[in-house]
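Novice: Test case, fold it:
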Amino acid sequence: MTLGSLWQLFARETKGWLVGGTVSVLIGVAVGVPAVTGFLANGESELSLLLSSLAFSLGGGYAVLFPGIRVCRGTLHVLRDWKRHPLSGKALWILSHAVAVTGLVVCILAGGGNPSLPGLLVWLFMGPYLALTGWAAAVLGMAVNVRLIAGEGGANDDAVLPDDARAPRR
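Specialist: Residues are numbered from 1 along each chain as shown. This next block holds a predicted model:
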């Protein structure tokens, strides 16, 4: 199961939210970097850049996360079913956690130099973390859906599938 084959299975609306939210996160980070560098250079930053960065980064991250979570119709067990998940979903899941840990470390270290700096940095990492987590949830969730429809799910997993998606019982 590849990312391309799973992409074909997403609903058009879900694809729109995933792509639109990702673009929004990238815009938020691009706007936020000059705000942080301006703060580092002169000790203050432009409020319009900060608020724009916050809105684009966090708004876009949540715009990816919620539809990504909604994709799975079964029960997604990330760790328990790790060997059954596609490599692309596992890579996104690991990358999202790497971004979160890196952001935490950077914010802690930056706080030692200037207590105001972590507040400026937090959404530069939070938006990408939310977006990567949403993409990972979408890919892993769609893989679970494919396994359920193919009849590879557990006994309790197909209980949440709509009637028309269940395999006929014999």
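
Novice: tell me what the longest helix belonging to the chain is packed against?
Specialist: With secondary structure taken from DSSP state H, the chain has its longest helix at helix 117-149. Packing partners of helix 117-149 (3 or more C-beta pairs under 8 Å, 6 or more residues apart in numbering; DSSP states H and E): helix 3-7, helix 12-42, helix 47-70, helix 87-113. To be clear about C-beta, it is placed using only N, CA and C from the backbone, and glycine gets the same treatment.

Novice: So for the longest one, what gets flagged as buried?
Specialist: Think helix 12-42. Of all the residues in helix 12-42, those buried under the rule 16 or more other C-beta atoms under 10 Å are 14, 17-18, 21-22, 24-29, 31-32, 35-36, 38-39.

Novice: and if you look at the third one?
Specialist: By neighbour count, and taking 16+ other C-beta under 10 Å as the criterion, the buried residues in helix 47-70 are 49-50, 52-65, 67-68.

Novice: elements contacting that helix?
Specialist: Identification of packing neighbours for helix 47-70 by 3+ C-beta pairs under 8 Å, 6+ apart yields helix 12-42, helix 117-149.

Novice: Please find the angle between the direction vectors of the longest one and helix 87-113.
Specialist: Read it as helix 117-149. Counting by axes from the mean of the first three to the mean of the last three C-alpha atoms, to 10 degrees, helix 117-149 lies at 170 degrees to helix 87-113.

Novice: could you give the mean pLDDT of helix 117-149?
Specialist: The predicted model gives helix 117-149 an average pLDDT of 90.
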